[in-house]
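K.L.:
generate coordinates for the sequence data below:
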Amino acid sequence: MEWDSPITVWEEHLDAYSQAIKLKGESSASRSELPELDVEVTSLGRAARRRDPESITRIELSKIVSWKLKREKFRPRLQKLVDSN
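P.N.:
From the prediction side, this is the model:
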């Protein structure tokens, strides 16, 4: 997809992403909260940019890592390391 593609092409891809997240969330019990977590993590970016200086909290970082691990390959030790620091 090119940067100068029509907006409809971008909207189709965004819809496909939302559907993929929904399907991944339905694929197993451990990923059931993925769709809600995806919405929350998306809003964290906007919240972080409003702060001066731009930053995220430790709790927000933990949510981001949880979101990442639910989307990709699960690495339980990584979540424990983030939560312990």
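K.L.:
residues touching the residue most central in space within the chain, list them.
P.N.:
Using Cα atoms, centre = their mean, the residue of the chain that lies closest to the mean C-alpha position is D38, 4.1 Å off. The neighbourhood of D38, defined by Cβ atoms under 8 Å, 6 or more residues apart in numbering, consists of I21, W67, R71. From N, CA and C alone the C-beta is placed, and that goes for glycine too.
K.L.:
ok, longest helix in the protein?
P.N.:
Residue-count comparison of every helix in the chain, with assignments taken from DSSP state H, identifies helix 7-26 as the longest.
K.L.:
packing partners for it?
P.N.:
On a contact count with 3 or more Cβ pairs under 8 Å, 6 or more residues apart in numbering; DSSP states H and E, helix 7-26 meets helix 34-50, helix 58-71.
K.L.:
and it, what's buried?
P.N.:
Residues of helix 7-26 classed as buried under the neighbour-count rule (16 or more other Cβ atoms under 10 Å) are I21, K24, G25.
K.L.:
could you do stretch 34-42 as well?
P.N.:
For stretch 34-42, the neighbour count (16+ other Cβ under 10 Å) marks L34, P35, L37, D38, V41 as buried.
K.L.:
what is the mean pLDDT for it?
P.N.:
When the per-residue pLDDT values of stretch 34-42 are averaged, the result is 91.
K.L.:
can you check stretch 7-15 too?
P.N.:
Model confidence over stretch 7-15, given as mean pLDDT, is 87.
K.L.:
so how far is it off the chain centroid?
P.N.:
18 Å (Cα atoms, centre = their mean, to the nearest Å).
K.L.:
if we can go back for a sec, among the contacts of D38, show me the least confident.
P.N.:
Of all the contacts of D38, the model is least confident about R71, whose pLDDT is 86.
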